[in-house]
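Engineer: coordinates for the following, if possible.
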Amino acid sequence: MRRLGIQVSADTLIRQVKRAARLPALPQLIRVLGVDDWAWCKGQTFGTILVDLERRQVVDLLPTRSADSREKADVTVVLLKNDNYAILNIELARVREGEPNEKMLTMLHLNNPTLDSVKIAEGQGVPASRATTAEEFHKQFEAAMGTKGPHLIEAQIVQDIQPMIDGIRKSR
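Structural biologist: From the prediction side, this is the model:
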């Protein structure tokens, strides 16, 4: 804080953050959650702070930065899974004559190797599910909101950009 020109002790800062974390439950759903590690004691003991980034409010202070501590947090994580760089496919169509070769296409996809976030979460003891449609997502999200504890929902984003690429090639 000295770098910012603010005269305050470390104890005062921690006390203020703890007080903010003890506020009554937030009345609305948290859409954007910030998770960060921070030191209780310089370089020795670390904790995790959860912040509602839209409202700029501390939601909780977890006593450690361990996975066990985070696993007990009542948080639902929605992971948007996008397996390709769609914008790069479009740009490639704009600048290249003809069809791209296989090597070019492999650089635009993020699914080799694919990461299975659901299995990773389940391996950490966190209930997880995968949604491939909006209906599936709504059901899974409602179920996650109805139970205590952490949850992960992997929402697969499917983009059909081929009509756009075909339109770009025809316009040449």
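Engineer: from here on, just use CA atoms for contacts and neighbour counts.
Structural biologist: Will do.
Engineer: moving C-terminal of the lowest-mean-pLDDT helix or strand in the chain, what's the next helix or strand?
Structural biologist: For the chain, using mean pLDDT, DSSP states H and E, the weakest element among its helices and strands is helix 67-71, scoring a mean of 54. Beyond helix 67-71 on the C-terminal side, the first helix or strand identified by DSSP states H and E is strand 76-82.
Engineer: which helix or which strand is home to Glu11?
Structural biologist: Not quite, residue 11 is Asp, not Glu. Using DSSP H and E, Asp11 falls in helix 10-21.
Engineer: the helix or strand just after that helix - what's its average pLDDT?
Structural biologist: Later in the chain than helix 10-21, the nearest helix or strand by DSSP H and E is strand 33-41. For strand 33-41, the mean pLDDT works out to 74.
Engineer: likewise stretch 145-156?
Structural biologist: 88.
Engineer: restricting to C-alpha, output it in CSV.
Structural biologist: Output in CSV follows, covering the C-alpha atoms of stretch 145-156 (Å, rounded to 0.1, in the frame of the first residue of the first chain):
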residue,chain,number,x,y,z
MET,A,145,-28.3,-24.0,-8.0
GLY,A,146,-30.6,-26.2,-6.0
THR,A,147,-27.8,-28.1,-4.2
LYS,A,148,-25.1,-26.9,-1.9
GLY,A,149,-21.4,-27.3,-2.7
PRO,A,150,-19.3,-26.8,-5.8
HIS,A,151,-20.4,-27.7,-9.3
LEU,A,152,-18.9,-27.5,-12.8
ILE,A,153,-20.9,-27.3,-16.0
GLU,A,154,-19.0,-27.5,-19.2
ALA,A,155,-21.1,-25.7,-21.9
GLN,A,156,-20.0,-26.8,-25.4
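Engineer: pull the residues that contact it.
Structural biologist: 71-82, 117-118, 121, 126-133, 137, 140-141, 144 (Cα atoms under 8 Å, 6 or more residues apart in numbering).
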